[in-house]
Structure formats: C-alpha cells, structure tokens
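In: model this:
(4 chains)
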There are 2 protein chains.
Amino acid sequence: MIRAHADTTNKETIMASEQIENYIKNIYKLSSNEGKVTTSSLSEKLQISPASVSEMIKKLAEERTLTHTPYKGVELTEEGKKLALRIIRKHRLWEMFLVEVLHFRWDEIDDEAERFEHIMSDTMEEKIDHVLGHPNIDPHGDPIPTRDGEIHCTMSYPMIESHPGMRVRVLRVSDSNSDLLKYVSSIGITLNKQIRIKQKMSFDNSLLVVINKKEINISSTIAENIFVETIEKE
Amino acid sequence: MIRAHADTTNKETIMASEQIENYIKNIYKLSSNEGKVTTSSLSEKLQISPASVSEMIKKLAEERTLTHTPYKGVELTEEGKKLALRIIRKHRLWEMFLVEVLHFRWDEIDDEAERFEHIMSDTMEEKIDHVLGHPNIDPHGDPIPTRDGEIHCTMSYPMIESHPGMRVRVLRVSDSNSDLLKYVSSIGITLNKQIRIKQKMSFDNSLLVVINKKEINISSTIAENIFVETIEKE
DNA sequence: TTATAAATTTAGGTTAACCTAAATTTATAT
DNA sequence: ATATAAATTTAGGTTAACCTAAATTTATAA
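Out: As a prediction, this is how the structure comes out:
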C-alpha cells in the first residue's frame, strides 16, 4: 500500500484514510451488534493487535471521531456515526450493484465491496444509487443508509428463535461468512423465501424446516444467521 | 492512505502496492509516448520528488520489474510490461464501463479509474469485460490491452498534421486533460466524428475546420491532442 | 576544454500504521 | 480482601513511501 498522508487525492468529501475508515465502520458495526466496543473486540474484528488498536483509538478520540473512556471502551460521536453510515452506504450500494448489474453471487461481493467502499466518489455513489433505483436493502437484506445518515432497520429476529408450526419469511442473512452464504443459497434460501418450521431438535438446537416443499435440517449456527419475520403463527 | 506492506489483501494476482502500480503504469506510458524514461520525466509525471523516484527505481530494479542504467534511464522488463498492460487494461475497461453503464461523461472518468484500477479483482475484470462485450478501445479511443498483454494500436496521427482539404475521422482524443476533453465534446467532437479541414492558420498553427456543418477554429494545442485518420485527401 | 548548469543519486529525516514486550489498570476467584 | 488473570495502555522499534539538502555525475556553453 501507499501514501501515508491523510487522503486529499480521493473523492469529494475530505475523508479519513482507508484504514481509519475501516476502524470507524467496524466500531459502528460492533456497537450496533454487541452494544459496547472495547479495544479487544475491535482488535479481534480488525485482526490488528490490541496495542495498535489502542493507539488508533487515541488518535481518533483526539480528532473527535469517537469518545474514549480509557480501559472501558469507545463510542462514536455524531460525526463518527455519520462517517460510518456513509461508508456502510457505499459498501452496500456497491454490493447491490455487483449483484444486480454484474451478476455476482451474494457470497462473492463482500470482499469486493470491502475495497471499493473506500475509493467510491460521491458522484459514483449517486450514479449507482440512481441506476439501482434508490434501493433500501442490500443483497443480504441489510439496510442501506440514506445519504444523510438515516438507516431503517427491519424488524427481524434470528430463525433459531422461531417455533415449530410457524411460517416465516427470510428478511436478512448475515454476511459475516461467505461459505455460509454459499451454503444457504445452495439449500434454496434467498431473501423473501418462505420457510415452514417443522421441528426443533432438542439435542443440538437444529431446525427441521420445509423450503420449496423439501424438508431440510438447518444447524443452529445457520439458524442464528438467518433473520426472519413471522407470517403465520399456526 | 493506508497499509505499508506489499499487498496480499487484494485480488487474485499477487500484486504490487498501489503506488508501485502507478510507477509501472506511468513508466510504460512515458516509454510509449516519449521513447525513453528518465528520473525527472517520471518525477514530473507522478508529481513526486526526483529523489523519491530515484529510490523507487532502485527498488523496482532490484525486483526485476525494470532495468536501470544509473544516470541514464529505465526500461520495463517483460515482466514489468505485462504488469503495466494489466493495469492499463483495468483502467480502460473501467472507463468504458463508467461511460457505457453509469453514463459518466468522458471528462469525468479518468480520476475515477485512476483509483479503481488498483483494486479491481480479476473476477471483476472479467465480468466487466463480458458485460461490455470485450471492447477493444476505451471512451477516449485508447486501445484496451487483452488479458495476456496484447495491445493493438490504431493508425492515427495528430490532427495538427492534417492539411486543408482533407476529411478526417477522429479515432482518439488524449485523456491527459479533462478540461480539454470537456471543451472538445462541447464543440461537437466525439469518437468517429468526421471533420473537414478548411484552412491552416500560419500565424498560430490553428485549424479552421467544419464539424456538423459548422465552421470552428481549433487551436494548435487542441489539434495536437486529437488523433485522426484520413478518409479523403482531396 | 573547462566551468557551470542540470540531472541524478545518496544521506539523513519524517510520518502513518503496524508490531512485541513491558507496565498499568480492572476484573475475578478464592 | 487480596492475589492472580485478563484487558488495556505505553514504550520502543520496524517499514514503505515520502521529503530536503548535499554529493555526485553528465551535459552544455563560453
């Protein structure tokens, strides 16, 4: 990689370096998934040593992207949240574009978008948004924030929490593991697919479900990563 | 910018850092335009101090991307040329994509592609190539190298060399200046446009030409950047 | 042909982001 | 309540790519 200066080359918005963007994005994600964000959780997520993460946190706190309570954790400021949502918007718009226009599969897109989110200009963002018709979810069902930082979360819950007899609709599949995505689509699960829950296996918490009229066993790990809404309680 | 290590994150091909790619690409370009490539010409083109360029040249020579004759100049090795053509291919494919699919203007695309060429995966390259139907020129008329490094240059010459009475066809417009591109399209010049040369002004070398039945004066600078083929000598 | 100018290289220094090891603080478990 | 473990921070060091200033080499012009 390359230049070690703040980024004036790129884009319209005066923005942070690629790596700082990664920190900000992942702080946002950890914060919305786990609630609090610690040095170690960030370190784990970014695969960067706790020492380095600690340093970077200090720096980001100084430039008011986040607030830091030493030994406790961090929280993005309003400014930081805006940046995060902007990056996430670019990431998800690009994922959508890859699927819709370039016919990538949903398990191929995350890595591509991971790189592209940092170089996407505002013009680009707008053109893509326009071509796609202002989508509000990405190919995994994750909401796409608006340009000014609003994000509408759909009301879904992990399928593992559903009960036998229910009919549910898939609203989101976690994009955290591309092999999982690949497997999930191989058994016929796509967004909006309806699934009937037949049975919950007590020994391993796996589910016996019906998809496309076929009975399939879904492991608890997978069921934790598929988010659904109830359409019939039975 | 970001990580200071050689690039393992990205893409299928094990590739050089973003900045090294820039050196390689611009060495290739200088070499095909000016013939020889010196430290100062590279320094000028990249807007990086001669000292830094000199250092980088040493490094690239060590890893056999180019050969360096101290105090004389550099030349890409076969390996280096292949890398260069690969980067140029990605750049030009992306420019084509921006124009054809996202409806960018030809004066907006170079900066965008400048960034994207470095993060484009091989998969991406292929998908885009496919969607575009394997184009062999980009929106400025520059040839797009094939995946294995072949490049077919069209036989064109700068319009400044044309003579009164000729009819010529625009085959390429230099992409070196986006304002020039913007101006050129504003006077109705696009690729394949036919132009009749009426007169050559001896005092400033400008040309009086007919485009779309309208008479227009074209400065020598512009005429040097528009490349044409003769379709009628008269 | 030799002095000066221009181009190039080398020397020495900076910065962002990383790292390991050591020091510190907080949490946990007897 | 205190000792140990875990998490965090600080200290000190590395690397790639940049820079300016000084030294060297090559080119030019009197």
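In: From now on I want contacts and neighbour counts done on CA atoms only, so please keep to that.
Out: Noted.
In: Output the longest helix belonging to chain A.
Out: Looking across chain A with DSSP state H, the single longest helix is helix A:78-100.
In: can you tell if whichever helix or strand comes after that helix touches DNA strand C?
Out: Sequence order places helix A:109-116 as the next helix or strand after helix A:78-100, per DSSP states H and E. No: interface with DNA strand C: helix A:109-116 contributes nothing (CA under 7 Å from any atom of the strand), its closest point being 14.1 Å away.
In: Now helix A:109-116: average pLDDT?
Out: For helix A:109-116, the mean per-residue pLDDT is 95.
In: Tell me what angle that helix forms with helix A:78-100.
Out: Here helix A:109-116 runs at an angle of 130 degrees relative to helix A:78-100 (axes from the mean of the first three to the mean of the last three CA atoms, to 10 degrees).
In: Restrict helix A:109-116 to CA atoms and write it as CSV.
Out: In CSV, the C-alpha atoms belonging to helix A:109-116 read as follows (Å, rounded to 0.1, in the frame of the first residue of the first chain):
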residue,chain,number,x,y,z
ILE,A,109,-19.5,-9.5,-3.1
ASP,A,110,-18.3,-8.6,0.4
ASP,A,111,-14.6,-8.7,-0.3
GLU,A,112,-15.0,-6.7,-3.5
ALA,A,113,-17.1,-4.0,-1.6
GLU,A,114,-14.6,-4.0,1.3
ARG,A,115,-12.1,-2.5,-1.1
PHE,A,116,-14.4,-0.3,-3.1
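In: Give me the helices and strands touching it, please.
Out: For helix A:109-116, the packing partners by 3 or more CA pairs under 8 Å, 6 or more residues apart in numbering or on different chains; DSSP states H and E come out as helix A:78-100.
In: residues in contact with the helix it packs on?
Out: When contacts are defined by CA atoms under 8 Å, 6 or more residues apart in numbering or on different chains, helix A:78-100 is touched by residues A:21, A:24-25, A:28, A:64-66, A:104-106, A:109-110, A:112-114, A:116-118, A:120, A:125, A:128-129, A:132, A:135, A:137-139, A:142, A:144-149.
In: mind redoing it with 6 Å?
Out: Applying CA atoms under 6 Å, 6 or more residues apart in numbering or on different chains, the contact partners of helix A:78-100 are A:24-25, A:65, A:104, A:109, A:113, A:117, A:138-139, A:144-145, A:149.
In: Dump those to JSON lines, plus neighbour count.
Out: Below are the contacts of helix A:78-100 laid out as JSON lines (neighbours: other CA atoms under 10 Å in any protein chain shown):
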{"residue": "A:Ile24", "neighbour count": "24"}
{"residue": "A:Lys25", "neighbour count": "21"}
{"residue": "A:Thr65", "neighbour count": "21"}
{"residue": "A:Phe104", "neighbour count": "17"}
{"residue": "A:Ile109", "neighbour count": "22"}
{"residue": "A:Ala113", "neighbour count": "21"}
{"residue": "A:Glu117", "neighbour count": "23"}
{"residue": "A:Asp138", "neighbour count": "20"}
{"residue": "A:Pro139", "neighbour count": "23"}
{"residue": "A:Ile144", "neighbour count": "25"}
{"residue": "A:Pro145", "neighbour count": "24"}
{"residue": "A:Gly149", "neighbour count": "16"}
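In: Widest-spaced pair of the residues you listed?
Out: A:Thr65 and A:Phe104 (34.2 Å; CA to CA).
In: for stretch A:227-234, the distance to its chain's centre please.
Out: Relative to its chain's centre, stretch A:227-234 lies at 23 Å (CA atoms, centre = their mean, to the nearest Å).
In: For that stretch, which residues meet the burial criterion?
Out: For stretch A:227-234, burial by neighbour count (16 or more other CA atoms under 10 Å in any protein chain shown) applies to A:227-230.
In: next one: stretch A:194-204
Out: For stretch A:194-204, burial by neighbour count (16+ other CA under 10 Å) applies to A:194-200.
In: just the residues you listed that are near chain B?
Out: Among the buried residues of stretch A:194-204, no residue is within reach of chain B (CA under 6 Å from any CA of the partner chain).
In: Quickly list the domain ranges of chain A.
Out: A:1-153, A:157-232 (automatic domain parsing).
In: weakest of these by average pLDDT?
Out: Here those differ in mean pLDDT, and the lowest is domain A:1-153 at a mean of 92.
In: Looking at the buried residues of stretch A:194-204, which is nearest chain B?
Out: Of all the buried residues of stretch A:194-204, chain B sits closest to A:Gln194, with 31.3 Å by CA to the nearest CA.
In: Please enumerate the helices of chain A.
Out: Under DSSP H, chain A gives helices at A:18-34, A:39-46, A:50-62, A:78-100, A:109-116, A:122-131, A:178-186, A:220-225.
In: highest average neighbour count across the ones you listed?
Out: Comparing the helices of chain A by mean neighbour count (mean count of other CA atoms under 10 Å in any protein chain shown), helix A:78-100 ranks first with a mean of 23.
In: can you list the residues of chain A near DNA strand D?
Out: Going by CA under 7 Å from any atom of the strand, the residues of chain A near DNA strand D are A:1-4, A:38-41, A:50-52, A:54-55, A:58, A:68-73.
In: From DNA strand D, how far out is the most far-flung residue of chain A relative to its centre?
Out: Using CA atoms, centre = their mean, the residue of chain A lying farthest from its centre is A:Glu234. It sits 31.7 Å away. From A:Glu234 across to DNA strand D, the span is 43 Å (CA to the nearest atom of the strand, to the nearest Å).
In: likewise A:Asn33?
Out: A:Asn33 is 16 Å from DNA strand D, by CA to the nearest atom of the strand.
In: Among the buried residues of stretch A:227-234, which pair sits farthest apart?
Out: Largest pairwise distance in those, by CA to CA, is 10.2 Å, between A:Phe227 and A:Thr230.
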